[in-house]
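S.K.: Attaching a predicted model along with its sequence, questions to come.
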Protein chains: 2
Amino acid sequence: MSEKWLVGVDLGGTTTKIAFLNLYGELLHKWEIPTDNTNQGKNIIVNIAKSIDKKLEELDLTKDKLLGIGMGAPGPIDKAKGIIYETVNLGWEKNTPLKDLLEMETGLEAVIDNDANCAALGEMWKGAGDGAKDLVCVTLGTGVGGGIITNGNIVNGVKGAAGEIGHITVVPENGFQCNCGKKGCLETVASATGVVRLATERLNQTQEETILREQFNKDLTISAKDIFDAARNGDSLAKETVNQLAFYLGLSLANLGNALNPEKIVLGGGVSKAGTILLDPVLDYFKKFAFPTVAVSTNISIATLGNDAGVIGAAWLVKNHLK
Amino acid sequence: MSEKWLVGVDLGGTTTKIAFLNLYGELLHKWEIPTDNTNQGKNIIVNIAKSIDKKLEELDLTKDKLLGIGMGAPGPIDKAKGIIYETVNLGWEKNTPLKDLLEMETGLEAVIDNDANCAALGEMWKGAGDGAKDLVCVTLGTGVGGGIITNGNIVNGVKGAAGEIGHITVVPENGFQCNCGKKGCLETVASATGVVRLATERLNQTQEETILREQFNKDLTISAKDIFDAARNGDSLAKETVNQLAFYLGLSLANLGNALNPEKIVLGGGVSKAGTILLDPVLDYFKKFAFPTVAVSTNISIATLGNDAGVIGAAWLVKNHLK
């Protein structure tokens, strides 16, 4: 039993990551295949099954080496039923019975969850969570995603929408429009695109000379990285922008802390790589807005697994399910 | 086994509620004793044990009728260790080993949790929760308390401070001072005292003729009930005050919904009895600030158990622990 392996799959809109791990979460083999979303996504699961079989063959192993398959999928999940309510880029119909499809095509026992939740489980098991059983993961990328773990289990919620941390309302009045339909979501100000939006708004409101304006006038665009670089170089408009982002993020994290008092809040994604220029003010606002016990007992740290978090968390689903 | 009873205890600063329930959560006997916080609170647990023995004697029963004792206590709990970190009104030292004391004095297996968490478990089991396993309870009384249940279990957090919903920061700038040490907490605006504070601030800021000002000039004080009554009678300052409270409460509940997507959010406490004059605008703001899936799948309802929620939830602790 202890020599059996887990399969972790991180299903993305363009690429699917697949990995074999042992029961201790050590990554033994990992590879990627393109996600084929033609033909209403009907090839996606078949391709994964074929790819696993091919890898086993290469390794001169048979399927009974594998204990089960876990998958993180991009959309809200009904875990009990094993269905994915909806996806954006895969071509699948609503309420696709993902667990059953996986089990049929691979012949393995399957467990599914949302991709952001799997990333959180990965960080809990092998990453920055360091085994903490109460953990909140926030991914600051092109959007803002999240996963919430309480008592060692993912919180899915009644319709799989738990962990929608990017859609916490942080600007209740006159906020930017969000893709989700409402306004003032954390994602509109704390994602890579959000921080650019904050900077652009400031550029439009003032005539102040700034590194960012020079850059914008030259390239007609600025990136999140440009803003953090300019802030590091002392540019005042960039510093104000970063401070504004930190205010919104620190407030949101503090309020998650006030509700859940997790051992750790783990920040991942591109924006989290900005380093102390962002983290220091985020911590200051977190401490300002957190209940005193939470301010001293809930720690904020940076994700360590990068792109592997998803497959590791997906493998954890199997390990946890079979225990 | 099915004829055995559970003991539920709701420990308060002045009164301790005790009840015998069957395994189906039916309240068979309930009574109260004063909480004796003299002598560094050393009599509290002894008095509870004596009172249970006396009740058994009255009923001509012996202790083996009782399966175990659950207690909700006023302070943050370390559930694994069975200690209460601190209490305000009981005279106990920090880190009192409450579970051990209860077991020693009563001879029963004991399970403890925070009192607000027990109320949430009570509502989950026998009240407005109606069995929902993802549930948030918010008590709007002289303060604002809360309990969060995910996957059927209370979220305690790393230092027992989970569920501090009253200390969610809803007024990040220029908020009222809160007893907890920070500013702008939900409790400063959405408790019975909070809504009076909001109304008083408005009275001080305008010269507007209002029912509330007449009342204030006559009695030198107004109550939460006065404000809701005046709003019902069309008083514009009172209506604006209630709307402001609804904005803060709706925003906080929506953000809890965005994080947890619970099946139900249950509102209890005196302020929740204001009825539709408060609930209708709270629901409007909730829907405005909630992620679309959350807005349609997370329901807000009113607590049904009143003061019995605590003992029922405490009894649940025992039932759940022994299953």
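M.R.: It's in.

S.K.: now the strands for the stretch 51-200 of chain A?
M.R.: A:66-73, A:77-78, A:83-84, A:110-114, A:135-140, A:144-150, A:153-154 (DSSP state E, counting those that start in this stretch).

S.K.: Adding mean pLDDT, write these out as TSV.
M.R.: TSV is the format used below for the strands of the stretch 51-200 of chain A (pLDDT from 0 to 100):
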stretch	mean pLDDT
strand A:66-73	97
strand A:77-78	94
strand A:83-84	96
strand A:110-114	96
strand A:135-140	96
strand A:144-150	96
strand A:153-154	94
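
S.K.: can you put these in TSV and add mean neighbour count?
M.R.: The C-beta positions use only the backbone N, C-alpha and C, and glycine is treated the same way. Output for the strands of the stretch 51-200 of chain A, formatted as TSV (neighbours: other CB atoms under 10 Å in any protein chain shown):
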stretch	mean neighbour count
strand A:66-73	26
strand A:77-78	21
strand A:83-84	24
strand A:110-114	25
strand A:135-140	29
strand A:144-150	28
strand A:153-154	22
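
S.K.: Just send those back as TSV, with distance to B:P281 too.
M.R.: Shown next, in TSV, are the strands of the stretch 51-200 of chain A (distance: least, CB to CB, whole Å):
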stretch	distance to B:P281
strand A:66-73	38
strand A:77-78	32
strand A:83-84	35
strand A:110-114	33
strand A:135-140	30
strand A:144-150	28
strand A:153-154	33
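
S.K.: Reformat the ones you listed as TSV; add distance to chain B.
M.R.: Listed next are these as TSV, based on distance: least, CB to the nearest CB, whole Å:
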stretch	distance to chain B
strand A:66-73	16
strand A:77-78	11
strand A:83-84	13
strand A:110-114	11
strand A:135-140	8
strand A:144-150	5
strand A:153-154	5
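
S.K.: Ok, which of those comes nearest A:L21?
M.R.: strand A:66-73 (9.6 Å; CB to CB).

S.K.: OK, contacts around A:L101?
M.R.: Neighbouring residues of A:L101 by CB atoms under 8 Å, 6 or more residues apart in numbering or on different chains: A:I45.

S.K.: Run through the residues of the stretch 201-323 of chain A sitting next to chain B.
M.R.: Counting by CB under 8 Å from any CB of the partner chain, the residues of the stretch 201-323 of chain A close to chain B are A:247, A:251, A:254-256, A:258-263, A:288-294, A:297-298.

S.K.: A:V311: what secondary structure?
M.R.: Of the three states, A:V311 takes helix under DSSP: H, G, I helix; E, B strand; the rest coil.

S.K.: Tally up the residues packed near it, please.
M.R.: 29 (other CB atoms under 10 Å in any protein chain shown).

S.K.: Does it touch A:L6 like I think?
M.R.: No. Contact criterion CB atoms under 8 Å: A:V311 and A:L6 do not qualify, at 9.5 Å.

S.K.: Which neighbours do these two have in common?
M.R.: Common contacts of A:V311 and A:L6, defined by CB under 8 Å, 6+ apart, comprise A:L21.

S.K.: quick one: buried residues of stretch A:94-110?
M.R.: Burial within stretch A:94-110, assessed by neighbour count using 16 or more other CB atoms under 10 Å in any protein chain shown, is assigned to A:T96, A:L98, A:K99, A:L101, A:L102, A:E103, A:E105, A:T106, A:L108, A:E109, A:A110.

S.K.: Now flag whichever of the residues you listed is closest to chain B.
M.R.: Lowest distance from chain B to these (CB to the nearest CB) belongs to A:T96, with 16.7 Å.

S.K.: For that closest one, give me its contacts.
M.R.: Counting by CB under 8 Å, 6+ apart, A:T96 makes contact with A:G41, A:I83, A:I84, A:T87.

S.K.: if you set the cut-off to 7 Å instead, what comes out?
M.R.: A:I83, A:I84 (CB atoms under 7 Å, 6 or more residues apart in numbering or on different chains).

S.K.: hey, what's it bridged with?
M.R.: A:I84 (DSSP bridges).

S.K.: State the pLDDT value of it.
M.R.: A:T96 carries a pLDDT value of 96.

S.K.: try A:S2
M.R.: We have a pLDDT of 58 for A:S2.

S.K.: ok, and the spatially closest residue to A:I18 that is not a sequence neighbour, which helix or strand is that part of?
M.R.: Nearest residue to A:I18, sequence neighbours excluded (CB to CB, 6 or more residues apart in numbering or on different chains): A:V9, at 5.3 Å. Taking DSSP states H and E as the criterion, A:V9 maps to strand A:5-11.

S.K.: contact partners of that strand?
M.R.: Residues outside strand A:5-11 that contact it (CB under 7 Å, 6+ apart) are A:16-23, A:28, A:35, A:48, A:52, A:65-74, A:108, A:115, A:118, A:310-312, A:314-315, A:318-319.

S.K.: ok, back up a step: so of the residues of the stretch 201-323 of chain A next to chain B, which ones are in helices?
M.R.: Mapping those onto helices (DSSP state H) picks out A:247, A:251, A:254-256, A:258-260, A:288-289, A:292-294, A:297.

S.K.: Tell me the buried residues within those.
M.R.: With burial judged by 16+ other CB under 10 Å, the buried subset of these is A:247, A:251, A:254-256, A:258-260, A:288-289, A:293-294, A:297.

S.K.: can you pull the contacts of A:S236?
M.R.: Contacts of A:S236 (CB under 7 Å, 6+ apart): A:T210.

S.K.: make it 10 Å
M.R.: A:S236 makes contacts with A:E208, A:E209, A:T210, A:I211, A:A230, as judged by CB atoms under 10 Å, 6 or more residues apart in numbering or on different chains.

S.K.: do the same with A:A274
M.R.: Taking CB under 10 Å, 6+ apart as the test, what A:A274 contacts is A:140, A:195, A:224-225, A:227-229, A:231-232, A:242, A:245, A:267, A:282.

S.K.: Just flag the most distant two among the residues you listed.
M.R.: Greatest spacing in those, by CB to CB: A:D229 and A:L267 (19.2 Å).

S.K.: neighbour count winner among these two?
M.R.: Neighbour comparison, A:D229 and A:L267: the larger count goes to A:L267, with 24 against 17 (by other CB under 10 Å).

S.K.: and the strand or helix carrying that one, what does it pack onto?
M.R.: Secondary-structure assignment from DSSP H and E places A:L267 in strand A:264-268. Helices and strands touching strand A:264-268, by 3 or more CB pairs under 10 Å, 6 or more residues apart in numbering or on different chains; DSSP states H and E, are helix A:115-126, strand A:135-140, strand A:144-150, helix A:236-260, helix A:276-289, strand A:299-302.

S.K.: can you redo these as TSV with distance to B:A162?
M.R.: Compiled in TSV, the helices and strands packed on strand A:264-268 are given as follows (distance: least, CB to CB, whole Å):
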stretch	distance to B:A162
helix A:115-126	17
strand A:135-140	11
strand A:144-150	8
helix A:236-260	5
helix A:276-289	16
strand A:299-302	15
